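**Q** I would like the atomic coordinates for the input below:
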Amino acid sequence: MASVKQWIDGARPRTLPNAIAPVIAGTGAALHLAADGVGDRFGGIEWWKAALALAVSLSLIIGVNYANDYSDGVRGTDDDRVGPMRLVGSGAASAQAVKLAAFGCLGLGAVCGLVLALVTAWWLVVVGAVCIAGAWFYTGGKKPYGYLGFGEVAVFVFFGLVAVCGTQYVLVERVDWVGVLTAVAVGSLSSAVLVVNNLRDIPTDTESGKITVAVRLGDAKTRVLFATLTVVPFVVSLALIAATPWALAGLLAAPLVYVANKPVTGGAKGMGLIPTLGATGQAMLAWSALTAVALAVG
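**A** Residues are numbered from 1 along each chain as shown. The predicted structure follows:
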């Protein structure tokens, strides 16, 4: 039976910034929109909705992590894993237990999302259903899209566009260009996390038949892709000057992006790329927080 620590490790804590950052960024975009007359800035935001949006995002990412652990485990993809321990692949937990954990987390996200839909717009139920399906079929089902090279696109859409714009919408019932650009920035960094994860796993994924973007591009081009994705937020910061000059505060996250890129550009492989996962998540949180504050006060 897996220990509490193993279950926590199985939830992949390094990926939690992918869930937290978009809610922070979306809240900042909502506060900026409220300041432009849609609401009355801080007083016009119902903060319990932001809390529920965060609960949805966290539940979905933990759910997809457990679902990935289960599906890859039963397929044998994790049998010779280079990275952190996996519950099913290591034999620490049964496949059924991990599957139930995935369903439980996804179910919690569905309940929180349903509450938001009931008080905001019914069509959010459809969006939520698509998100949950995307979480499960990433590595689940007969033809998982994560095995066909669409994982990064899905992360960009679900933990970038949907999460950021969705948060902005449930808070002020509108999405503007600021929210969309912010979503592109967060989605790019979120995708970068998966890119470096798949870069690390190129040898084992190739052997198991998991054709990720990294497997398709190869080692060198995948490293270029990672670097490109991590630059996008700073381009967005410059574009957001049109909304507020305070958006330049996002550039302060550059040192963290440099730290994240160092192992990648230095040719690190296997476990040597693990620090990049944490550094990229920290950069995403920093950029989102700095930009959210800038948008809120600007």
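**Q** what bits of the stretch 1-150 of the chain have low per-residue confidence?
**A** Under the criterion pLDDT under 70, the flagged ranges of the stretch 1-150 of the chain are 36-44, 77-84.
**Q** Quick check: which element contains V127?
**A** Following DSSP states H and E, the helix or strand that holds V127 is helix 124-137.
**Q** Just the buried residues of the longest helix anywhere in the chain, please?
**A** The longest helix of the chain (DSSP state H) is helix 47-75. Neighbour counts using 16 or more other C-beta atoms under 10 Å place 49-50, 52-75 of helix 47-75 among the buried residues. To be clear about C-beta, it is placed using only N, CA and C from the backbone, and glycine gets the same treatment.
**Q** Mind exporting the C-alpha coordinates of stretch 54-66 to PDB?
**A** Coordinates of the C-alpha atoms in stretch 54-66 are reproduced here as PDB (Å, rounded to 0.1, in the frame of the first residue of the first chain):
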ATOM      1  CA  LEU A  54      -8.800  27.500  -8.200                       C
ATOM      2  CA  ALA A  55     -10.400  24.400  -6.800                       C
ATOM      3  CA  VAL A  56     -11.500  23.300 -10.300                       C
ATOM      4  CA  SER A  57      -8.000  23.900 -11.700                       C
ATOM      5  CA  LEU A  58      -6.200  22.100  -8.900                       C
ATOM      6  CA  SER A  59      -8.700  19.100  -9.000                       C
ATOM      7  CA  LEU A  60      -8.300  18.700 -12.700                       C
ATOM      8  CA  ILE A  61      -4.500  18.800 -12.800                       C
ATOM      9  CA  ILE A  62      -4.200  16.300  -9.900                       C
ATOM     10  CA  GLY A  63      -6.900  14.200 -11.600                       C
ATOM     11  CA  VAL A  64      -5.100  14.200 -14.900                       C
ATOM     12  CA  ASN A  65      -1.800  13.300 -13.100                       C
ATOM     13  CA  TYR A  66      -3.300  10.300 -11.400                       C
END
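**Q** Residues contacting it, please?
**A** By C-beta atoms under 8 Å, 6 or more residues apart in numbering, the list of residues contacting stretch 54-66 from outside reads 10-12, 15-16, 18-20, 22-23, 87, 98-99, 101-106, 108-109, 112-113, 116, 128, 131-132, 135-136, 138, 158-159, 163.
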